[in-house]
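*Asks:* structure here, sequence nowhere to be found:
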C-alpha cells in the first residue's frame, strides 16, 4: 500500500469510526457489532503504526467515545480523565502487552495481575465530596460526560453517603442490565410493538439516559465498581485486588468476578476458566480486564492518549456468523400477537445449529430493512437467543423480496387487526392462542405444572380433552393413559402436578393468565395491592393506576380484560376447580392511605421493607413531599431528612416503623418479613 492509498483508507476509517462512536456512545443505537468495531479500530491502529506520518491527535485511536448529547443531559467535566482500554484478542497479544510493560519498567516479569470480568454495560463516574454524593455522570468522551444522577439513584445499591473516605473522591464502575431483566424488557417492548434493544449494553445505556427516572427505576439496572479516579492515592490500598475489597467494604457493589494471577500464563488460566463458564454469568461479559496488581506501577507506566499502559482488555472470541434468510413464517402467540420468525440457512453458533430466528415485530423489521434472501450477520443475544445483528446490504443482488405481513391468521384464517405496529388475531377460539395460553400457564414461572410439555398440550387439544386452562383441572387418569408416551405412572404424576398448581397463589396465577402487560413484577405488585382476585376484579382505573409500575395504557388494558365476560367466566371455572385466588402473604390494608419514603441504611434490604409496606396497603415513593406520611430514617441518611424537617414531615427510625406495623396489624414484623 502506498502512502497515498494509506492516507485515503485512514481517512475513511476515521470517519467511519467517528460515526459508529456517535451511534454507540451518544445515540445508544449501534449499527455494527463490537467485534466489527474492534476490527475497524485495529485496522486503523495498524495503518497508523505502519505510516507514522499519518498519525493525528484527533484520530479515534487517540480518543475515547464521543461528545455527549448536550440537549438531553447537563454536561459534566470529570475532575480526572476517564480512559478506554486497549484490546488483546489472543495469548500472543497478551504476551506482547507484558513485553511492553517489561520494556517500560526496565525489568523482567512475570508480574502479579488482577483479572476482572469485563461487564458489558455503560461506564459511569460517581463524584463525592466529604463522603456525600454530589453527582454521577457517564464517561462521554473521557473528559466530559452527561450528568445522570437522578437515574443512577434508582439503583438501590449505589451509596449516597460514605464514611472514612478522602474528601474528594471519584468512583468508577459499570451500570449494566442483568440478562434476565434484559430479556423481560425486550418481551414487554416486543408485545407493545416498540423497538427492542439489541443487547444488554444498549438496554442499560437507553435505560440510564431516560428523561423520566421512574422509567429507569422500572428497568432493573445494577452497577458494579472497580476503580478510583480522584482520591486513589489517599484511599490507602496498594494493589488493585485490595482496592476492590476496599470498595466493597465502603458499601459499593462489586458484582463482577475478580481473581489474582501470576504472569501471563496465570492470566490465561483464569481467562480460559471464565470463558468456559461465561454463559453461567447473570450479566453479559465480553472478556476480561487484566491490570497490573501493584498500584505503584500504574504511576510509573502512566497512560497513552486514550488508554492506560498498565491494563488491557482480553476479549472473548466473538461468535458471529453470516447466513442467509430463506423465508419468513408467522406465529400466533397466546394473546393473538403475530410474530415473524426467520428461517435461516443452518449455521453453527456457539456449539449449536441455528436455523430459526425471532424477528420480533414490525418495528424491528423496519429498523433492519430486512428482506427475504438477504445475507445477515447473526449471534446469540446473551449467549442464548439467536438474533440478527444486521443485514449485509452490500451483498444484495436485487433478487431479494420484501416481507409481506399476512392479512389473515395463519392458524385459523380470521382477519387480523392492527394495533399500532402490532398485528393480532381477534378469534378467541384460535387453536394457536389456546396452545400458547396453556403452555404459558404451565410454565415454570407461572403455575409450574411439570410434565405438561408442548407435545402433550398438542395432543390434549387435538383430542378435545382441553379447550382452555380451566379444563386441565377436569382431566382424569383414564383421559391421559394411552396418549403418546403416557402410562399410568406418568399420568398420575401429571395429575399430582396439576393438583399442586392450585396452591401457587394469586401472584403466580395473575402472571399465568397472561393479563396484558403483566409480567412477574407487575403480577406481584397487583397481588400485593389487592390481595384477592375478587378485589382485583372490582378495581377501578384509578385504583389500578395507584399500583407501582402501572401506567395509564397498561391500566386501561388490564381493566378491559378484567371486565371481559369470557375472562370472568374463566376465573369462575378456575375458582370452582379449587384454584386459590388469594395472595400468599395477603395485605390487610393496615397501612392503607399512608405514604412512606425511606432513606439511609436499614438492617434489612430496602426492597424487602418496601414490599412489606406495599403488602399492607401503603404507598412507597422515592421523594419527600407534603403528601408524605412518614420518612423512615436509617443509618447515614441523605438529603431527604433535611427536606422532611423543612416540610414538617414526621420521621420514624426502623424500630419505630416496626412498632407502627405491629400496632396496626397485631403481628410481629419479623413474622411478616419472614
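*Replies:* Ah, there it is. Quick caveat, the model's predicted, so the values are computed rather than measured.
*Asks:* for residue 650, give its distance to residue 621.
*Replies:* Here residue 650 is placed at a distance of 15 Å from residue 621 (CB to CB, to the nearest Å). For the C-beta atoms, the positions are set from N, CA and C on the backbone; glycine is no exception.
*Asks:* which one's more surrounded, the two?
*Replies:* Taking other CB atoms under 10 Å, residue 650 and residue 621 do not tie; residue 621 has more neighbours (13 against 10).
*Asks:* surely that one is in contact with residue 595?
*Replies:* Yes: with contacts counted by CB atoms under 8 Å, residue 621 reaches residue 595, the gap being 6.1 Å.
*Asks:* which residues do those two both contact?
*Replies:* In terms of CB atoms under 8 Å, 6 or more residues apart in numbering, residue 621 and residue 595 are both contacted by the residues residue 628.
*Asks:* okay, strands next: where are they in the stretch 351-500 of the chain?
*Replies:* 352-358, 371-372, 375-381, 385-391, 401-402, 417-419, 422-424 (DSSP state E, counting those that start in this stretch).
*Asks:* closest one to residue 222 among these?
*Replies:* strand 375-381 (18.2 Å; CB to CB).
*Asks:* tell me the helices and strands packed up against that closest one.
*Replies:* Packing partners of strand 375-381 (3 or more CB pairs under 8 Å, 6 or more residues apart in numbering; DSSP states H and E): strand 321-332, strand 338-349, strand 352-358, strand 385-391.
*Asks:* now do the last one: which elements does it pack against?
*Replies:* Going back to what we said before, that points to strand 385-391. strand 352-358, helix 362-368, strand 375-381.
*Asks:* relative to strand 321-332, how tilted is that strand?
*Replies:* Following axes from the mean of the first three to the mean of the last three CA atoms, to 10 degrees, one obtains 120 degrees for the angle between strand 385-391 and strand 321-332.
*Asks:* what about strand 385-391, distance to the chain center?
*Replies:* 18 Å (CA atoms, centre = their mean, to the nearest Å).
*Asks:* how about the third one?
*Replies:* The chain centroid and the centroid of strand 352-358 are separated by 23 Å under CA atoms, centre = their mean.
*Asks:* report the buried residues of it.
*Replies:* 354, 357, 358 (16 or more other CB atoms under 10 Å).
*Asks:* check the second one too.
*Replies:* Counting neighbours by 16+ other CB under 10 Å, one finds that the buried residues in strand 338-349 are 338, 339, 340, 342, 344, 349.
*Asks:* wait, doesn't the first one sit right on residue 328?
*Replies:* In other words, residue 338. No: between residue 338 and residue 328 there is no contact under CB under 8 Å: 11.3 Å.
*Asks:* for residue 90, find the nearest of the helices and strands packed on strand 385-391.
*Replies:* strand 375-381 (20.2 Å).
*Asks:* tilt between the closest one and strand 352-358?
*Replies:* Going by the same axes, to 10 degrees, strand 375-381 makes 100 degrees with strand 352-358.
*Asks:* strand 375-381 pairs with which strands?
*Replies:* Partners of strand 375-381 in the sheet, by DSSP bridges, are strand 321-332 (antiparallel), strand 385-391 (antiparallel).
*Asks:* buried deepest among those, which one?
*Replies:* strand 385-391 (a mean of 19; mean count of other CB atoms under 10 Å).
*Asks:* returning to what we had before: where among the strands paired with strand 375-381 is average confidence lowest?
*Replies:* Mean pLDDT per stretch puts strand 385-391 lowest among the strands paired with strand 375-381, at a mean of 89.
*Asks:* contacts for that strand?
*Replies:* Taking CB under 8 Å, 6+ apart as the rule, strand 385-391 contacts 31-33, 183, 198, 320, 342, 349, 354, 356-359, 368-371, 374-381.
*Asks:* please list all residues in contact with the residue lying closest to residue 51 once chain neighbours are set aside.
*Replies:* Among residues not flanking residue 51 along the chain, residue 6 sits closest, at 4.8 Å (CB to CB, 6 or more residues apart in numbering). Applying CB under 8 Å, 6+ apart to residue 6 gives the contacts 47, 50, 51, 54.
*Asks:* ok, residue 6 to residue 53 distance?
*Replies:* Counting by CB to CB, the gap from residue 6 to residue 53 is 9 Å.
*Asks:* circling back: hmm, which two among the contacts of residue 6 are most spread apart?
*Replies:* For these, the farthest-apart pair by CB to CB is 50 and 54; their separation is 8.7 Å.
*Asks:* between those two, which one's more packed in?
*Replies:* Counted by other CB under 10 Å, residue 50 and residue 54 do not tie: residue 54 has more neighbours, with 18 against 11.
*Asks:* pretty sure the more buried one sits against residue 10.
*Replies:* Yes: the pair residue 54 / residue 10 is scored as a contact, 5.1 Å apart, by CB under 8 Å.
*Asks:* who touches both of those two?
*Replies:* 47, 48.
*Asks:* residue 208 is in contact with residue 137, isn't it?
*Replies:* No: using CB under 8 Å as the test, residue 208 is too far from residue 137 to be in contact (10.6 Å).
*Asks:* what sits in contact with each of the two?
*Replies:* With CB under 8 Å, 6+ apart as the test, residue 208 and residue 137 both reach 124, 148.
*Asks:* so residue 169, which state does it fall into?
*Replies:* strand (DSSP: H, G, I helix; E, B strand; the rest coil).
*Asks:* ok, now which ones touch it?
*Replies:* 127, 128, 129, 162, 228, 230, 231, 235.
*Asks:* same question for residue 535.
*Replies:* Counting by CB under 8 Å, 6+ apart, there are no residues that residue 535 touches.
*Asks:* same question for residue 539.
*Replies:* Here residue 539 is in contact with 530, 559, 562 (criterion: CB under 8 Å, 6+ apart).
*Asks:* helices - which of the residues you listed land there?
*Replies:* 530, 559, 562 (DSSP state H).
*Asks:* measure the closest residue to the last one other than its chain neighbours to residue 556 for me?
*Replies:* I take that to be residue 562. Closest residue to residue 562 apart from its sequence neighbours, by CB to CB, 6+ apart: residue 537 at 5.6 Å. The span separating residue 537 from residue 556 equals 16 Å under the rule CB to CB.
*Asks:* would you indicate which residues of the longest helix along the chain are buried?
*Replies:* What stands out as the longest helix in the chain, according to DSSP H, is helix 3-21. Neighbour-count burial for helix 3-21, counted by 16+ other CB under 10 Å, picks out 6, 9, 10, 13, 14, 17, 20, 21.
*Asks:* then stretch 207-227?
*Replies:* For stretch 207-227, by 16+ other CB under 10 Å, it's 207-210, 213, 216-227.
*Asks:* contacting residues for residue 543?
*Replies:* residue 529.
*Asks:* quick one: it from residue 558, how far?
*Replies:* 11 Å.
*Asks:* for the chain, which element, helix or strand, carries the lowest mean pLDDT?
*Replies:* Sorted by mean pLDDT, DSSP states H and E, the helices and strands of the chain end with helix 669-673, the least confident at a mean of 66.
*Asks:* circling back: redo the strands of the stretch 351-500 of the chain as a markdown table? Include distance to residue 262.
*Replies:* Formatted as a markdown table, these follow (distance: least, CB to CB, whole Å):
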| stretch | distance to residue 262 |
| --- | --- |
| strand 352-358 | 36 |
| strand 371-372 | 53 |
| strand 375-381 | 34 |
| strand 385-391 | 38 |
| strand 401-402 | 58 |
| strand 417-419 | 60 |
| strand 422-424 | 56 |
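*Asks:* looking at these, which is nearest to residue 309?
*Replies:* The nearest among the strands of the stretch 351-500 of the chain, by CB to CB, is strand 375-381 at 31.8 Å.
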